[in-house]
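[1] here is a sequence with its predicted model. Questions after.
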Amino acid sequence: MPILTVALTGGIATGKSVVARILADHNCHIHWADRVAHDLMKPGRPAWKRIVTHFGERILNPDRTVNRQLLGKIVFSSETERRFLSRVLHPLVLEKKKQAVRRLERLGTDKIFVSEAALTIESGFAPFFDRVVVVHCPDTIQVERLMKRDGITRREAWKKIRSQMRTPEKVKHADYLIDTSGTPAETAVQAERLYRSLLADFRKKQAREKRGRSSDRSRAQRPRAGS
């Protein structure tokens, strides 16, 4: 059965996870890119050795797991290091997404696959998806949320935000927009509306694929010249 693939993206601390949880309540399959990346960095997993070789054992906790807080400080302070980490992780995460989509298509139990990931557009992966949803809010709100969430200074929050693609650039790639600058209830209303639109998009994709299969069968059954 076909499945609609959706990229749910946006800058750090814009509220992507809030929207993702609402979509999950409607039985959308949520693929959390950050959790997948975390799993890929566990000892013995594909990215672990490359990360440790590059950054050195200073990046490790006593139990040999990657110290993600320290790694974050390094990559948010250096574009070169951030690009290295992206080259290591992003192709692996994308392959995990593709595997998940193929599995769900075989099972035929889900209609909408949602990838919650901040760097989908920057990574060049937007074309993989049927639809792109950009979650956004003013920078000033991002800063306040990030300071509260991560317990960091205003300067550190701005550094993280400015390390990512600016919102106006992300918006150019969007099929749908969610503005989270209002109340949680206002965000929820937009997320509900988004779900209805995605469900309609799924039905259109399903209908197209059915027509395509029907057309293929008709051509296969058509008598060949000279028969």
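    Happy to help now that I have it.

[2] surely residue 41 meets residue 48?
    Yes: using Cβ atoms under 8 Å, residue 41 makes contact with residue 48 at a distance of 5.6 Å. No exception for glycine: its C-beta is placed from N, CA and C like everyone else's.

[3] anything in contact with each of those two?
    Both residue 41 and residue 48 are contacted by residue 66, under the criterion Cβ atoms under 8 Å, 6 or more residues apart in numbering.

[4] mind checking which of those two has more residues around it?
    residue 41 (23 against 18; other Cβ atoms under 10 Å).

[5] what bits of the protein have low per-residue confidence?
    When residues are selected by pLDDT under 70, those of the chain lie in 214-227.

[6] show me the helices in it, by range?
    Secondary structure of the chain by DSSP state H: the helices cover 16-25, 33-40, 48-55, 68-77, 79-107, 139-150, 154-162, 167-171, 184-221.

[7] for residue 120, find the nearest of these.
    Among those, helix 33-40 comes nearest to residue 120, with 8.0 Å by Cβ to Cβ.

[8] packing partners for that closest one?
    helix 79-107, strand 112-116 (3 or more Cβ pairs under 8 Å, 6 or more residues apart in numbering; DSSP states H and E).

[9] at 7 Å what do you get?
    If contacts are counted by 3 or more Cβ pairs under 7 Å, 6 or more residues apart in numbering; DSSP states H and E, helix 33-40 sits against helix 79-107.

[10] could you tell me the angle between the helix it packs on and helix 68-77?
    120 degrees (axes from the mean of the first three to the mean of the last three Cα atoms, to 10 degrees).

[11] quick one: helix 79-107 to chain centroid distance?
    Here the centre of helix 79-107 is set off from its chain's centre by 9 Å, with Cα atoms, centre = their mean, to the nearest Å.
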